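# following is a predicted model, sequence given first.
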Amino acid sequence: MAEDQILYAVALSRLHGVGPQLTRLLVSYCGSPKAVFEVPPGKLEKIPGVGSVLIRRIAEGKSAALRQAEEIVKRAGEEGVELLFYTSSRYPDRLKQIADAPTLLYYRGNGNLNLRRIISIVGTRQITSYGQTVTERIVEELKPYNAMIVSGLAYGVDVVAHRAALQAGLPTIGVMASGPDIIYPSVHRKYAEKMLSQGGLITENSFGTKPDAPRFPARNRIIAGMSDCTIVVEAALKSGTLITADIAHGYDKEVMAVPGNITSPVSEGTNYLIKSLKAVAYTSVQDLVELMNWDQQDDADARARSKAPFDPEEFNADELKVLHVLQQSREEHMDNLSWKSQLSVSALASVLLGLEFKGIIKAKPGKVFALLA
């Protein structure tokens, strides 16, 4: 993203009352973050869901938001923090599909946030020797699959998972509830620093943000959203870990839980998840492989490559973006297509019309478009 666009993208995140969904809606209709600040009020009024209150907030708050954005962009450059707006190719694709995902992330590291296989490992801070052994075993068994390990850098299962990933040579991402300049807990700084060259640290919070309690549930949605599957190792019945599992379940993500000793308080949560069918039991990596169909993915991808459904020579870059989205879901509402393909509504309308003429898609009632091929 161009430097001036990232400035306006950061400024959007600083506007009071403009959350992730509104941000995506505004960018989709206006065409870019900068355009949101420059379009006349009359054009904003025509956007569904945008009323006079929001228009007034943008008008009254844009100067202060831009000043804050300038400071953030400058500091990010000085401290090696990458600002990832949701339209960036570096932004986690899996997270991009989540309605309440943050539109701006602060990232330090060298990891590919869109690796083929990403697994979240979470659990209690009061980890037992059994939990530590199992966590280390899970990570070790993931080595042949080159999976990225995501967790929250907290005490217990989190840090054991990060440490095991570092030892196994796997990339690992720590999702923080603080700003990018605050490592919490500070005792884990040595692991966090190693992760910068073997994965990285990511947060939705700006510089100086302290890890206050309400930020941890929000942090957990990123952990759940940016992975393919969340594995719960040990957890109490009422805990933040079960909140993460519930979030992942609500996102239609796979959830696994390690069966535990029925007399152990930190096994009550995992056993409950399995008993209530909210999670699949994890006893070995083969359970995960079968659940995620990893043993079939490579063959399927090889067949897909040998028989590409869409010839790049027959479609332009924007058409291929739309077709890629529709390949995943078969049909999408126009607004969803816009932000998933990172095309403005006006540009998308032209692309959709062209694809209809080619007989590749069809328009359905309610601005829904379906793939025919």
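Nice, thanks for sending it over.
# where along the stretch 151-300 of the chain do the strands fall?
Ranges of strands within the stretch 151-300 of the chain are 172-175, 199-203, 229-232, 254-257, 280-281, based on DSSP state E, counting those that start in this stretch.
# okay, residue 203 and residue 163: tell me how far apart.
According to C-beta to C-beta, to the nearest Å, residue 203 and residue 163 sit 20 Å apart. Where C-beta positions appear, they are placed from N, C-alpha and C, glycine not excepted.
# adding mean pLDDT and mean neighbour count, write the strands of the stretch 151-300 of the chain out as TSV.
Shown next, in TSV, are the strands of the stretch 151-300 of the chain (pLDDT from 0 to 100; neighbours: other C-beta atoms under 10 Å):
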stretch	mean pLDDT	mean neighbour count
strand 172-175	98	28
strand 199-203	98	24
strand 229-232	98	28
strand 254-257	97	24
strand 280-281	98	16
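# can you say which of the ones you listed is nearest to residue 339?
Distance to residue 339, taken as C-beta to C-beta, is lowest for strand 199-203 among those, at 20.1 Å.
# and the contacts of the closest one?
The contact list for strand 199-203 (C-beta atoms under 8 Å, 6 or more residues apart in numbering) reads 105-111, 113, 148-149, 153, 165, 171-180, 183, 192, 195, 209, 219, 222.
# of these, which belong to helices?
Of the positions in these, 165, 192, 195, 219, 222 sit in helices, assigned by DSSP state H.
# circling back: which of the strands of the stretch 151-300 of the chain sits closest to residue 88?
Nearest of these to residue 88, taken as C-beta to C-beta: strand 199-203 at 12.8 Å.
# what pairs with the closest one, parallel or antiparallel?
strand 104-109 (antiparallel), strand 172-175 (parallel) (DSSP bridges).
# before we move on, back to that, pull out the buried members of the contacts of strand 199-203.
The neighbour count (16 or more other C-beta atoms under 10 Å) marks 105-109, 111, 113, 148-149, 153, 165, 171-180, 183, 192, 195, 209, 219, 222 as buried among the contacts of strand 199-203.
# quick one, phi psi at the residue nearest to residue 32 when sequence neighbours are not counted?
Spatial nearest neighbour of residue 32, excluding adjacent residues (C-beta to C-beta, 6 or more residues apart in numbering): residue 5 at 5.9 Å. Note on residue 5: its backbone torsions stand at phi -70, psi -40 [degrees, to the nearest 10].
# how about residue 5, what does it touch?
32, 33, 34, 85.
# in what helix or strand does the closest residue to residue 331 other than its chain neighbours lie?
Nearest non-adjacent residue to residue 331, counting by C-beta to C-beta, 6+ apart: residue 370, 3.8 Å away. Here residue 370, judged by DSSP states H and E, is contained in strand 368-371.
# quick one: buried residues of that strand?
Going by neighbour count (16+ other C-beta under 10 Å), the buried part of strand 368-371 is 369, 371.
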